[in-house]
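Engineer: Requesting a structural model of the entry that follows:
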Amino acid sequence: MAEGGAPSVVARIRSLAALQLREEFPYMKSAALDKLLDKITNTIDGDIIEQEPEMEAAKKRTSFFSLSAELRNTIYELALVNKSSIVIHRIPITNPVGPRRYSSTKTPALLAVSRQIRHEAAAIYYGANSFLQAVHTPNYRPDSRTALALWLKSLPDDHAALIKGMEFRLINRDGPASNLLDILRHVESSLTPDLYDELPGGRSLHQMVLLALGLADAGPEAVKIQLKCAERASSDVVDLYDAVRIVNKDSKYRNSDIVDLHLRLCWGM
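Structural biologist: Model (predicted):
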């Protein structure tokens, strides 16, 4: 018990008991009353002291993990879930004796408190948030372009698997078709001459687009990345494929499909 706790409680009990006894037994001598009060308070004080080791042990057993799982999850949500997307970026590290290096977006400190908290809180942080990187096209900056891939690649596999929302946003005032055309130029540079060949590695259109954007080597979870576009940073955001009426982005493509798509976008068909 905190210092002063027991004496303070015992003193209040003695004072209340004295008032009650004096009211009920007004003719009791003061010496007898004091003797009775001493007996009462000494008994209470002794019992409290006897219970202190057990109370201290119970106090030590009380911890964050004694709370229910539902309450702990609510606390994690209040601490970790953002209303808006979490922007992924690269943080430069000063290295005076070597080439410039970068660190990906910092992980919340709460995930480093303990192994159990990291296990519980990671499911909330990665599963309930949406993660975003936005770039201006067509002049991609390599440092910016790969930030999302570097961040995703840096995560443990079990944490990356928890992510439900990842967005790579292309900002170009010329519109979605211009965005995709710019990407297709990179895709076409890796194609074989035969129009009937499948895309390298049997990839889908979405996988080839991720490859062209420097996002494909981030591990198996990279396919979850949604490609969005906007004319300005503050304007409405639309799905890149929906905007140009592509419904089979996850199907296997042949070289000829890429050429046909390129022509359709050029002619605005």
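
Engineer: So which elements touch whichever helix or strand I75 is part of?
Structural biologist: Assigned by DSSP states H and E, I75 belongs to helix 69-80. Secondary structure elements in contact with helix 69-80, counted by 3 or more Cβ pairs under 8 Å, 6 or more residues apart in numbering; DSSP states H and E, are helix 115-128. Where you see a C-beta, it was placed from the backbone N, CA and C, and this is true even at glycine.

Engineer: other SSEs contacting the helix it packs on?
Structural biologist: Identification of packing neighbours for helix 115-128 by 3+ Cβ pairs under 8 Å, 6+ apart yields helix 69-80, helix 157-160.

Engineer: Mean neighbour count added to the ones you listed, as a markdown table?
Structural biologist: Formatted as a markdown table, these follow (neighbours: other Cβ atoms under 10 Å):
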| stretch | mean neighbour count |
| --- | --- |
| helix 69-80 | 14 |
| helix 157-160 | 15 |
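
Engineer: Make TSV from the ones you listed and add distance to S30 and mean pLDDT to it.
Structural biologist: Formatted as TSV, the entries for the helices and strands packed on helix 115-128 read as follows, by distance: least, Cβ to Cβ, whole Å; pLDDT from 0 to 100:
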stretch	distance to S30	mean pLDDT
helix 69-80	53	93
helix 157-160	73	91
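
Engineer: pLDDT weak spots in the stretch 101-250 of the chain?
Structural biologist: Scanning the stretch 101-250 of the chain with the threshold set as pLDDT under 70 gives 101-104, 137-145, 190, 192-193, 195-196.

Engineer: residue contacts, the residue lying closest to S251 once chain neighbours are set aside?
Structural biologist: Spatial nearest neighbour of S251, excluding adjacent residues (Cβ to Cβ, 6 or more residues apart in numbering): S204 at 5.9 Å. If a contact means Cβ atoms under 8 Å, 6 or more residues apart in numbering, then S204 has 249-253 as its contacts.

Engineer: In the residues you listed, find the pair that's most separated.
Structural biologist: Greatest spatial distance among the contacts of S204 (Cβ to Cβ): K249 and K252, at 11.0 Å.

Engineer: which of the two has more neighbours?
Structural biologist: Neighbours of K249 and K252, each counted by other Cβ atoms under 10 Å, are more numerous for K249; the result is 17 against 13.

Engineer: is it true that that one touches L205?
Structural biologist: Yes - using Cβ atoms under 8 Å as the test, K249 is close enough to L205 to be in contact (4.9 Å).

Engineer: how big is the angle separating the helix holding I75 from helix 115-128?
Structural biologist: Angle, helix 69-80 to helix 115-128, by axes from the mean of the first three to the mean of the last three Cα atoms, to 10 degrees: 70 degrees.

Engineer: circling back to that earlier point, quick one: the helices and strands packed on helix 115-128 as JSON lines, columns for distance to A147 too.
Structural biologist: Formatted as JSON lines, the entries for these read as follows, by distance: least, Cβ to Cβ, whole Å:
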{"stretch": "helix 69-80", "distance to A147": "21"}
{"stretch": "helix 157-160", "distance to A147": "15"}
